[in-house]
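Undergrad: Fold the following, please.
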Amino acid sequence: MNKADFNVPDLIIKKRNGESLSSAEMDYFVKEVVNDGVQECQLGAMLMAIYLKDLTDEETVCLTKNMMHSGELLGPWPAEWKGKVVDKHSTGGVGDKVSLILAPALAACGMKVPMISGRGLAHTGGTLDKLEAIPGLSVSASTEEMTRWLTEVGCCIVGQTANLVPADKRMYAVRDVTGTIDHFGLIAGSIISKKAAEQLDVLVLDIKFGIGAFMKEKRRAKALAEKMVTIGKGLGMKTSALITQMDNPLGRMIGNALEVAESVQCLHGNGPSDLEDIVLKLGAQLLFQSGNVDSTEKGEADLKKTLNNGEAVKKFQEMIINQGVDPNTAKALCAKGADMWKILPKSKFTTTIKSPKSGFVHGIQALTCADCSLNLGAGRHASTDPINHAVGLELCVSIGDKTSEGEGLVIVHHDSKEMPSGMSEKLVGAFDIQPSPPKSIPTSRVADVVS
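TA: Numbers count the residues shown, from 1 in each chain. Take a look at the predicted model:
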């Protein structure tokens, strides 16, 4: 059958009836999506048919490949970079600033990281929003600029270009209004198509589960991870995934400028242990899968060394200068022991929420913290909402810590003189304080690995 013989209604009916679309049919449909040959109602109908009748692994790989090739690709990268071009993707969590630390640490290990990130919607926060808390920083870049930056420094963190995976942009917009967002094949295709367009050698995924994650159950997170790893491999990328817990916030800072400050601390080797652990474990997977180290243990050691000897923070400084930050500003921000609040936006007011009783911290409800941060202005209810980079939460305690009545649990950074009504009570309720210490405190949030 020639592509001229295809028509969109027939393909919708075929999928509605539970049949598999051929490679040629999927190719035709995606091209028509990009070329406006598919009406919005037809696209909605196809997405609902996929949602109800599902996609085979072969269909999902084919859909993702066609989405990947629907626009421009990054590269081609220089031949000497073979085995060095890597990236990660996280499904989003509360206080997740891993990318800001991992990209420069990997660059300090000789890798090339063309990281294309997104903005935050609702409570998860976005890497680009965090970076834009740094005065002067731009997340816009051409392919030529990215290639130059990767040659000079080894990493960049930028937004999606207009011509990168345009099929996903149109499909995602319709998924958002047709109740088809949470289909594993469509989620996987959307994420992997953008990463594949970077022409990576290796991709690692951070698939989160728990109260503060998109997926609450570990089994569902693992099922999504398995689907995404299958697709990544089907497109020729070495792909693996870590399944990580997100019941409690990651690190101690929630909010854009606050998370930049914590990231710089971590780049100096002074970050919270749970944050550093995920950075090291994700990076070690990339170094091992790409063949640049003999074991993940060696990968963790190499990355840890870059945090301790100043090489990682130097790469971060060079990266933000490339992306528009004044060199003196970048140097001042990245200097060891610097007062970063002379540079980063600072809230007008702070309020310390105190513990109503003595005891030990057993849990910190991530979603409650995220909702409070969102209501301060650190996140978005809608994609068009402005972001307040200065506001957010600073946790004073971690899981297992002893606290006394009247001691600080969390510092609220806010710009209005009064905090939003009821926020103090909500934040007190986010802390599970018990008379006895927890029986055990996990040393790592990583619950499983899929490779």
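Undergrad: where's stretch 428-445 relative to the chain centroid, distance-wise?
TA: For stretch 428-445, the gap between its own C-alpha mean and the chain's C-alpha mean amounts to 26 Å (CA atoms, centre = their mean, to the nearest Å).
Undergrad: contact partners of it?
TA: Contacts to stretch 428-445, defined as CB atoms under 8 Å, 6 or more residues apart in numbering, come from residues 244-246, 250, 274, 277-278, 281, 353, 355-365, 368-369, 372, 397, 399-400, 402-403, 409-410. (Glycine included, C-beta is placed from N, CA and C.)
Undergrad: Which parts of the protein are strands?
TA: 86-90, 113-117, 155-159, 202-209, 238-245, 253-254, 349-354, 359-364, 392-395, 402-403, 408-414, 431-434, 446-450 (DSSP state E).
Undergrad: Point out the most buried one among those.
TA: Of these, the one with the most neighbours on average (mean count of other CB atoms under 10 Å) is strand 253-254, at a mean of 28.
Undergrad: I'd like the distance between Thr350 and Leu203.
TA: 39 Å (CB to CB, to the nearest Å).
Undergrad: who's in contact with the closest residue to Asp57 other than its chain neighbours?
TA: Nearest in space to Asp57, with sequence neighbours left out and distances taken as CB to CB, 6 or more residues apart in numbering, is Thr230 at 5.6 Å. Counting by CB under 8 Å, 6+ apart, Thr230 touches 57, 60-61.
Undergrad: Take the residues you listed and keep only those in helices.
TA: 57, 60-61 (DSSP state H).
Undergrad: Which among those count as buried?
TA: Neighbour-count burial (16 or more other CB atoms under 10 Å) is assigned, among these, to 60-61.
Undergrad: Skipping adjacent residues, who's closest to Ala338 in space?
TA: Ala332 (5.9 Å).
Undergrad: Ok, Ser70 next?
TA: Sequence neighbours aside, Ala167 is the residue nearest to Ser70 in space, at 3.7 Å (criterion: CB to CB, 6+ apart).
Undergrad: Can you report how many residues lie near Pro327?
TA: Pro327 has 11 neighbours, counted by other CB atoms under 10 Å.
Undergrad: Please tell me how far it sits from Phe184.
TA: Taken as CB to CB, the span from Pro327 to Phe184 is 45 Å.
Undergrad: What distance do you get for the nearest residue to Gly212 once chain neighbours are set aside to Val410?
TA: Excluding its sequence neighbours, the residue lying closest to Gly212 (CB to CB, 6+ apart) is Ala366, at 2.8 Å. Between Ala366 and Val410 the computed distance is 12 Å (CB to CB).
Undergrad: okay, the closest residue in space to Ser355 that isn't next to it in sequence: pLDDT?
TA: In space, and not counting its chain neighbours, Ser355 is closest to Thr403: 4.8 Å by CB to CB, 6+ apart. Note for Thr403: predicted pLDDT of 97.
Undergrad: So, low pLDDT: which residues of the chain?
TA: For the chain, the stretches with pLDDT under 70 are 1-4, 121-125.
Undergrad: Domain-wise, how is the chain divided?
TA: The chain breaks down by automatic domain parsing into domains covering 3-54, 79-334, 349-434.
Undergrad: would JSON lines of those with distance to Glu72 be doable?
TA: Output for these, formatted as JSON lines (distance: least, CB to CB, whole Å):
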{"stretch": "domain 3-54", "distance to Glu72": "12"}
{"stretch": "domain 79-334", "distance to Glu72": "4"}
{"stretch": "domain 349-434", "distance to Glu72": "23"}
